[in-house]
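Asker: What follows is a predicted protein model with its sequence.
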Amino acid sequence: MLEVKGIDAFYDRSQALFGMSLSVEAGQVVSLMGRNGMGKTTTIRTIMGLIQPRGGALSFQGRNLAGLAPFRIAQLGLGLVPEGRQIFPNLTVRENLIATARAGDGHGEPWTLKRVYALFPRLEERQRSMGDQLSGGEQQMLAVGRALMTNPKLLLLDEATEGLAPLIRAEIWSCLLSLKEAGQAILVIDKDVDALTKICDRHFIVEKGHLVWSGNSAELRANPDVQHQYLGV
């Protein structure tokens with residue numbers, strides 16, 4: 001589904017990614033892990049066309065992404081939940097959800113307001129509240145719901161549970177598990193190794209812009225040295 005092969009990415013003259021590679025297959029949940037500042041968000045931004053790579057190849061369902069504008073990439077079926085949520089503060093919950101909504105492609109059950117509210121009942125309760133009146137957890141639910149309303153083929157979550165209370169984190173992980181069971185492909189960034197190994201099919205670890213390890217959950221659990229060296233746990 002998604003193929004990232006040997007990507008080099010820069011901020012002006014400063015190189016941030018060095019031959020970065022990863023892949024996500026249909027129906028898979030895949031994690032991208034690493035300490036802060038190691039290139040995870042840069043990878044997501046490059047996939048979404050917010051940064052243009054200077055080397056390597058990017059493709060989604062066989063379509064070359066290089067040079068495409070971010071909105072064109074989104075139209076291909078990539079839905080982003082960005083770091084920091086970035087919801088619209090001056091729109092209501094309902095308006096946030098419908099502002100960028102896109103019809104499904106006819107395959108599977110489409111995402112609608114009713115379905116998002118069923119996934120996150122709290123959003124229905126707060127549907128008339130402005131974006132800046134929500135708690136951090138509610139904002140994250142809204143960011144996920146907004147991305148789902150684009151009916152994505154691949155959902156990308158940057159820092160899925162960062163800064164959230166334990167009960168809200170558990171609700172987000174439960175939501176992601178439900179999405180996985182429904183066949184939704186997901187690429188997720190987070191620091192909760194225990195939660196990620198329970199839900200993800202495959203993991204990629206980045207260190208200073210380089211891919212340094214990849215494997216499945218059983219392999220990661222069996223490799224505490226990798227966790228200690230690259231994840232600080």
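Answerer: Now that the structure is in, tell me what you want to look at. A quick note: this is a predicted structure, and the numbers were derived from the prediction, not measured.

Asker: switch to C-alpha atoms for all contacts and neighbour counts from now on
Answerer: Fine.

Asker: show me what contacts K180?
Answerer: Going by C-alpha atoms under 8 Å, 6 or more residues apart in numbering, K180 touches 27-29, 186.

Asker: cool, I186 as well?
Answerer: 24, 27-30, 154-157, 180.

Asker: Farthest-apart pair in these, please.
Answerer: Spanning the widest gap among those are G27 and L157, at 15.2 Å by C-alpha to C-alpha.

Asker: Spatially nearest residue to V144, not counting backbone neighbours?
Answerer: Sequence neighbours aside, V81 is the residue nearest to V144 in space, at 5.8 Å (criterion: C-alpha to C-alpha, 6 or more residues apart in numbering).

Asker: likewise I168?
Answerer: G137 (5.9 Å).

Asker: That neighbour touches P166, doesn't it?
Answerer: No: look at G137 against P166 with C-alpha atoms under 8 Å: they stay out of range, at 10.0 Å.

Asker: So which of those two has more stuff around it?
Answerer: Higher neighbour count among G137 and P166: G137, with 20 against 10, using other C-alpha atoms under 10 Å.

Asker: And that one, which helix or strand is it part of?
Answerer: Per DSSP states H and E: G137 is located in helix 136-148.

Asker: quick one: contacts of that helix?
Answerer: Helix 136-148 is contacted from outside by 79-82, 85-87, 93, 96-98, 100-101, 111, 116, 120, 122-123, 131, 155, 157, 160-161, 163-165, 168, 172, using C-alpha under 8 Å, 6+ apart.

Asker: What mean pLDDT does it get?
Answerer: Mean pLDDT, helix 136-148: 94.

Asker: C-alpha coordinates for the longest helix along the chain, CSV please?
Answerer: The longest helix of the chain (DSSP state H) is helix 166-181. The C-alpha coordinates for helix 166-181 follow below in CSV (Å, rounded to 0.1, in the frame of the first residue of the first chain):
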residue,chain,number,x,y,z
PRO,A,166,-4.2,7.4,31.2
LEU,A,167,-7.9,6.9,30.8
ILE,A,168,-7.9,8.9,27.5
ARG,A,169,-4.8,7.0,26.3
ALA,A,170,-6.6,3.7,26.9
GLU,A,171,-9.6,5.0,25.0
ILE,A,172,-7.5,6.0,22.0
TRP,A,173,-5.7,2.6,21.9
SER,A,174,-9.1,0.9,22.1
CYS,A,175,-10.3,3.0,19.2
LEU,A,176,-7.2,2.0,17.1
LEU,A,177,-7.8,-1.6,17.9
SER,A,178,-11.4,-1.3,16.7
LEU,A,179,-10.1,0.3,13.5
LYS,A,180,-7.6,-2.5,13.0
GLU,A,181,-10.3,-5.1,13.4
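
Asker: Heading C-terminal from that helix, find the next helix or strand.
Answerer: The first helix or strand that comes after helix 166-181 along the chain, using DSSP H and E, is strand 185-189.

Asker: That following strand relative to helix 166-181, how many degrees between them?
Answerer: 150 degrees (axes from the mean of the first three to the mean of the last three C-alpha atoms, to 10 degrees).

Asker: so what strands line up beside strand 185-189?
Answerer: Looking at strand 185-189 with DSSP bridges, its partner strands are strand 29-33 (parallel), strand 154-157 (parallel).
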